[in-house]
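Asker: Just to be clear, the model below is a prediction. Sequence and coordinates:
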Amino acid sequence: MIVTDSNASLPHEIVRGLPLLTVPMEIHAGGHTYHDGVDLTPRDLYRMLAGGVRAVTSPPQPRAYAEAFREAARSSRDVVCLTPSAELSSAHKAALQGADAARTEGLDVDVRIIDTHTAGSAQALVALAAARAAADGSKAEVIDVVRRRMDDVGMYGYLDSLRYLSRGGRVPRIAMWLGELLDVKPILSLTDGKIGLVQRPRTRRRAMDRLVALATAHLAGARGRIAVMHADAPERAEELAERLRTELDPVELFVTEFTPVIGAHVGPGLVGCALHPADD
């Protein structure tokens, strides 16, 4: 059984029937605590952000992980838990604490917790590959698949603004001011668990062109599996998806909207893709 968290933003129709459980992260806004993907929609979050409400996120509580491990144990004694990069979230620590708590309570299950060194839709692709392998493979085979996907997955996206990342301290404020002044559409990557600035095109059209070029270079001629993600930008996500289908002929491609826990960090307007070469 695979356990991951809601920042992966996996569409329900993609994981239906697979041995995968998702633990919701938390969003704290306006004096309330919400469970990601459960009682707060992306649209509601962006409405709050536009109204000046500050949203703060936190990983699942250790007890939430412990409960997920208990649920997973009903189907399998072997559990692989995939967490976002420890550089970006303390979810890995919470999962370890949850596993300890479950064992203390007498749960007889072998839990392997892996820091994927990524997040968002890149983590989604790792979790999806793991769940498909877990459907008919051993735990060792699942972990081998996870390691290979961690090595070859990439994620790229462009933002309409750096304002929200700046609020969270993930980019220097001077970079945010420069981006607003020049109307830059920064392209970011997630590599080795860290967010990096790749390029700074001046228009959405150029940003879209660069995303396609980065995806093409990443696959290096191989067919791939691709997740196109967006934050309140469905039309541009579909445009990117169509270009990637036409130019790269992927084995699989799906479009997903970021859950509120990611939206709280990037704000509305992000469009991007995560991808890896396909084995088949």
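Answerer: Yep, that arrived. Numbers count the residues shown, from 1 in each chain.
Asker: What residues does the residue nearest the centre of the chain make contact with?
Answerer: The centre of the chain sits closest to Gly120, judged by CA atoms, centre = their mean, with a distance of 0.9 Å. When the contact criterion is CB atoms under 8 Å, 6 or more residues apart in numbering, the partners of Gly120 are Asn7, Ala8, Ser9, Pro84, Met155, Leu190, Met229, Phe258, Ile262, Ala274. (Each C-beta comes from the backbone N, C-alpha and C, glycine too.)
Asker: swap the cut-off to 6 Å and go again
Answerer: Gly120 sits next to Ile262 when contact means CB atoms under 6 Å, 6 or more residues apart in numbering.
Asker: What's the separation between it and Tyr34?
Answerer: Gly120 is 19 Å from Tyr34, where distance means CB to CB, to the nearest Å.
Asker: ok, now Lys185?
Answerer: Counting by CB to CB, the gap between Lys185 and Tyr34 amounts to 29 Å.
Asker: What of Arg149?
Answerer: Arg149 is 30 Å from Tyr34, where distance means CB to CB.
Asker: Same question for Ala215.
Answerer: For Ala215, the distance to Tyr34 (CB to CB) stands at 33 Å.
Asker: now swap in Ala72 and tell me
Answerer: Counting by CB to CB - Ala72 and Tyr34 are separated by 24 Å.
Asker: Okay, now the unreliable bits of the stretch 51-200 of the chain?
Answerer: Judged against pLDDT under 70, the low-scoring parts of the stretch 51-200 of the chain cover residues 162-183.
Asker: What are the boundaries of the helices in it?
Answerer: With DSSP state H, counting those that start in this stretch, the ranges of helices along the stretch 51-200 of the chain come out as 62-73, 91-104, 120-134, 139-152, 163-167, 173-182.
Asker: do you know how far the residue nearest to the centre of the chain is from Gln61?
Answerer: For Gly120, the distance to Gln61 equals 21 Å [CB to CB].
Asker: now swap in Asp249 and tell me
Answerer: Distance, Asp249 to Gln61, by CB to CB: 43 Å.
Asker: Then Arg206?
Answerer: Arg206 sits 42 Å away from Gln61, going by CB to CB.
Asker: that older thread, tell me which of the helices of the stretch 51-200 of the chain lies nearest to Arg47.
Answerer: Nearest to Arg47 among the helices of the stretch 51-200 of the chain is helix 163-167 (14.4 Å), distances taken as CB to CB.
Asker: From the recorded domain assignment, give the ranges for the protein.
Answerer: Domain assignment for the chain, taken from automatic domain parsing, gives 2-152, 154-277.
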